[in-house]
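> what's the 3D shape of this:
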Amino acid sequence: MMPFAGGLEATANGMLLFSVASACVYFFLLDTPVSLRRSVVKTIPVALLAGLVLLHRGPLLLAGALALSALGDAFLSRGQGEKAFLGGLASFLVAHLLYVALFAHSGGGLGMLLTSPRLLFGIIIAIFAIVMLAVLWPRVEVTLRLPIAVYVAAILAMGLAALTLPDWRIILGAMLFIASDALLATEKFLLGARSTQRFWMRHAVWALYYAAQALIALGFLMAP
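Below is the predicted model of the structure:
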C-alpha cells in the first residue's frame with residue numbers, strides 16, 4: 001500500500017520511493033572517497049523530501065527545513081575539513097530553527113509539553129543535551145565551542161517543540177534527529193582516529209538522520 005493516492009505511478013509516491021532508494025544507495029557509498037557522485041547521492045534523498053512537501057503544498061517552513069538540511073548534507077559530503085563542517089553546521093542550525101517555528105506553530109503549546117509523559121521526555125532531552133555539551137566542550141577547538149553550543153541549544157529547542165505535537169511520527173522523527181546528531185558529535189570529536197567504532201557509527205548516523213527527516217515530513221503530509 002502506497003502512502004499517497006494514485007499508486008506507484010503517482011508522482012508523490014515515485015518521489016518518495018526514489019528518495020528512500022537514493023538514501024539506501026548512499027548508505028553503501030558512505031565510506032567511499034569524496035567525489036561529486038557521492039555528494040549528489042547524499043544530497044538527493046532529503047532534497048526530494050523537500051520537493052515532495054512543495055508538491056503537496058505542505059508547510060513552507062517544513063520545505064525550507066528539509067531544503068536547508070539537504071544543503072547541509074552537501075557541505076558535509078565534501079570531507080572532514082573545518083569549512084565543510086561549519087557550512088553543514090550553519091545549514092542544519094537554520095533548519096532546526098525552522099523546525100522549532102513549525103512545531104511551535106502547529107503544536108499544542110507549553111500546556112501540552114507540561115503533561116505527563118511529555119514532561120518527563122522533555123527533562124530527559126534537556127539533561128542529555130547538557131551532558132553532551134559538557135563532554136564536548138573540552139574536546140573541541142576553542143573556535144568551535146560557541147557554534148556547537150548554539151547548535152545544541154537549537155536542537156534541544158526542536159526536540160522540546162516536537163513534544164507539543166500530537167503526531168507520534170513527528171515526535172519520533174525529532175528524537176531520532178537528536179540521536180543522529182549525538183552519534184555524529186561522538187564520532188567526530190570523542191573517538192580516537194583509529195577507533196573501530198567509527199564504521200558502524202557513521203552508518204547509524206545516516207540511517208537515523210534519514211529516518212528522522214522522512215518521519216517528520218510524512219507526519220505533516222499524512223496528517224488527517
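> how about low-confidence regions in the protein?
In the prediction, the chain carries no residues with pLDDT under 70.
> and if we set it to 80?
Low-confidence regions of the chain, defined by pLDDT under 80, span residues 1-2, 5-9, 79-82, 193, 224.
> where exactly do the helices run in it?
Secondary structure of the chain by DSSP state H: the helices cover 11-29, 36-55, 60-76, 82-106, 110-113, 118-136, 142-162, 168-185, 198-221.
> Just the C-alphas of the second one, formatted as CSV.
Right, the one you point to is helix 36-55. C-alpha atoms of helix 36-55 as CSV (Å, rounded to 0.1, in the frame of the first residue of the first chain):
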residue,chain,number,x,y,z
LEU,A,36,30.9,14.7,-7.0
ARG,A,37,28.9,11.4,-7.3
ARG,A,38,29.0,10.8,-3.6
SER,A,39,27.9,14.4,-2.9
VAL,A,40,25.0,14.2,-5.3
VAL,A,41,23.7,10.9,-4.0
LYS,A,42,23.9,12.2,-0.4
THR,A,43,22.0,15.4,-1.2
ILE,A,44,19.2,13.8,-3.3
PRO,A,45,17.2,12.0,-0.6
VAL,A,46,16.3,14.9,1.7
ALA,A,47,16.1,17.3,-1.3
LEU,A,48,13.4,15.0,-2.7
LEU,A,49,11.5,15.1,0.6
ALA,A,50,11.6,18.9,0.3
GLY,A,51,10.2,18.7,-3.2
LEU,A,52,7.5,16.3,-2.0
VAL,A,53,6.4,18.8,0.6
LEU,A,54,6.1,21.5,-2.1
LEU,A,55,4.3,19.1,-4.4
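> If you count neighbours, what's buried in it?
Applying a neighbour-count criterion of 16 or more other C-beta atoms under 10 Å, one finds 38-39, 41-53 buried in helix 36-55. Every C-beta, even on glycine, is put in place using the N, C-alpha and C of the backbone.
> now do the fifth one
Of the residues in helix 110-113, those with enough neighbours to count as buried (16+ other C-beta under 10 Å) are Leu113.
> How many residues are close by the residue lying closest to Tyr210 once chain neighbours are set aside?
Computed as C-beta to C-beta, 6 or more residues apart in numbering, the closest residue to Tyr210 that is not its neighbour in sequence is Ala23, at 4.5 Å. Here the number of neighbours of Ala23 (other C-beta atoms under 10 Å) works out to 23.
> And Thr196, by the same measure?
Residues near Thr196, counting by other C-beta under 10 Å, number 8.
> burial of Gly192, as a residue count?
Residues lying near Gly192 (other C-beta under 10 Å) number 8.
> And it, its phi and psi?
Note on Gly192: backbone dihedrals following degrees, to the nearest 10 are phi -70, psi 160.
> Quickly note the distance from it to His105.
Separation of Gly192 from His105 (C-beta to C-beta, to the nearest Å) stands at 43 Å.
> ok, now Ile124?
Using C-beta to C-beta, one gets 25 Å for the distance from Ile124 to His105.
> More neighbours: which of those two?
Taking neighbours as other C-beta under 10 Å, Ile124 and His105 compare with Ile124 leading, 13 against 10.
> Quick check: the farthest pair among the buried residues of helix 36-55?
Across those, the longest distance by C-beta to C-beta is 25.1 Å; it joins Arg38 and Val53.
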